[in-house]
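Peer 1: compute the structure for the input listed below.
(one chain, ligands or ions: 1)
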Amino acid sequence: MLEPLSGYRCPVDGTRAPAESAPWCCPHCRGPWDLDFNAGSVRAVRSGPQVPSLWRYAAALPLRPAKGTTPAVSLGEGGTPIVPMIRGISAKLDFLMPTLSFKDRGAVMLAELARRLSPQRVIADSSGNAGTAVAAYCARAGLPCEIFVPEAVTAKKTEQIRAHGAALKVVPGDREATARAARTAADTPGTFYASHVFNPYFLHGTKTYLYEIWESLGGRLPQALVLPVGNGTLLLGAALAIAELHAHRLIDTSPALIAVQSAAVAPLAHAHRLDASELLGETAAAPTLAEGIAITRPPRARQILASVRESGGTFLTVSEERIAAAQLDLAARGLFVEPTAAACWAAVGPGAPDDPLDGRSAVLPLCGAGAKTGLA
Ligand SMILES: Cc1ncc(COP(=O)(O)O)c(C=O)c1O
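Peer 2: Numbers count the residues shown, from 1 in each chain. Sure thing, here's the model as predicted:
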């Protein structure tokens with residue numbers, strides 16, 4: 001049974017579809033869905049039982065497990081530590097998730113949704129981490145799974161996807177070519193497209209990143225959140241949770257969202273600089289060490305740009321040299337993350353010019369493990 005409150009709604013043209021039978025994208029504009037869902041309050045969570053999984057926020061999740069039904073899919077995800085770094089900046093260690101990236105937060109939601117819908121197969125496309133997370137959670141849920149990846153994906157990530165028992169489809173060309181191949185496959189009957197971009201349940205999983213910060217800081221948020229942005233799933237999840245905490249009067253201020261892109265692939269930073277509400281023209285797929293945020297045409301661009309602007313935040317871009325230096329600097333502090341996960345540290349850490357945070361307190365995610373890629 002799906003939650004009665006949950007249905008899909010297109011943020012562009014208002015088209016609606018029931019969660020049980022919706023196509024993977026809006027049939028009119030072919031864009032991603034939002035979820036029509038009023039999250040409950042997580043007020044009681046802090047005094048509730050310490051369940052080691054993301055389902056501790058069930059009150060605010062669209063797939064809350066009903067009493068007497070099979071327990072929701074879980075690998076004990078979430079509850080990652082926050083450690084102080086420098087000058088009021090803390091890092092949340094999301095590379096300590098079961099598959100070593102923050103994508104587990106969204107994958108657990110998609111696997112639970114797929115388990116309830118019982119498709120013939122689950123597919124996903126990914127630059128690596130979302131694919132490993134979906135493959136792992138499908139393994140946990142006993143669902144057959146195929147993951148589409150670009151040919152340049154890191155060998156350790158493809159090894160992990162295969163190890164979880166998923167079929168691997170390596171697509172020639174760039175990340176966009178992989179997304180196109182998956183979207184074609186997604187139209188096949190009996191397929192559940194576990195898209196971290198198009199399926200809004202993913203964002204209701206990534207929003208737990210923000211709920212955990214709120215809970216760890218004793219019911220408060222920092223003045224700024226620094227977030228890596230490719231397709232924007234962590235940033236949009238955080239924005240969703242901030243809106244929900246406000247709606248339940250659990251916070252009275254909002255952090256500025258500081259979005260970080262690689263200078264090599266920065267379509268959103270470019271649009272923000274020119275005060276545009278949509279992407280401007282085509283962005284070339286230039287090589288970058290930050291493979292996880294190398295997205296030339298993020299389908300949720302409009303929502304990402306609006307969220308950053310409304311929060312009073314901005315976009316920062318980082319060069320390849322600074323990403324590589326930030327990965328080394330973090331490792332020298334005991335934290336070995338992949339280059340993509342070092343982008344935020346490159347943007348606001350000790351190697352950043354001036355003080356891009358203007359002295360504000362901030363939390364940034366270290367959201368992918370160095371063991372998955374090695375050093376840049
Ligand atoms: C480690 C890491 N950080 C950040 C991102 C960016 O996430 P998103 O594309 O949802 O903005 C990814 C995406 O794959 C990633 O793997």
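Peer 1: contacts only, for T288.
Peer 2: S262, A264, V265, A294, E320, I323 (CB atoms under 8 Å, 6 or more residues apart in numbering). For glycine as for every other residue, the C-beta is placed from the backbone atoms N, C-alpha and C.
Peer 1: the third one and E282 touch, don't they?
Peer 2: No: applying CB atoms under 8 Å, one finds V265 not in contact with E282, separated by 11.8 Å.
Peer 1: what about the helices in the stretch 51-200 of the chain?
Peer 2: 104-117, 129-141, 155-163, 175-186 (DSSP state H, counting those that start in this stretch).
Peer 1: by contact count, what packs against the second one?
Peer 2: If I follow you right, that is helix 129-141. Contact here means 3 or more CB pairs under 8 Å, 6 or more residues apart in numbering; DSSP states H and E; on that basis helix 129-141 packs against helix 104-117, strand 121-125, strand 145-150, helix 155-163.
Peer 1: average pLDDT across the shortest one?
Peer 2: Taken as a whole, strand 121-125 has a mean pLDDT of 97.
Peer 1: and that strand with helix 129-141, angle?
Peer 2: 160 degrees (axes from the mean of the first three to the mean of the last three CA atoms, to 10 degrees).
Peer 1: so how many other residues sit close to the nearest residue to W33 once chain neighbours are set aside?
Peer 2: Among residues not flanking W33 along the chain, Y8 sits closest, at 4.0 Å (CB to CB, 6 or more residues apart in numbering). Here the number of neighbours of Y8 (other CB atoms under 10 Å) works out to 25.
Peer 1: tell me who's in contact with Y8.
Peer 2: Y8 touches R16, A17, P18, A19, A22, C26, W33, D34, L35, D36, P200, counting by CB under 8 Å, 6+ apart.
Peer 1: that one in helix, strand or coil?
Peer 2: strand (DSSP: H, G, I helix; E, B strand; the rest coil).
Peer 1: separation between it and A224?
Peer 2: 32 Å (CB to CB, to the nearest Å).
Peer 1: can you list the domain ranges for this structure.
Peer 2: Domain assignment for the chain, taken from automatic domain parsing, gives 82-103+202-372, 104-198.
Peer 1: ends of the shortest one, how far apart?
Peer 2: So the one you mean is domain 104-198. 16 Å (CA to CA, to the nearest Å).
Peer 1: does that domain come close to the ligand?
Peer 2: Yes: where contact is defined by CB under 6 Å from any ligand atom, part of domain 104-198 touches the ligand, namely S127, N129, A130.
Peer 1: isn't A136 up against T99?
Peer 2: Yes: look at A136 against T99 with CB under 8 Å: they come within range, at 4.7 Å.
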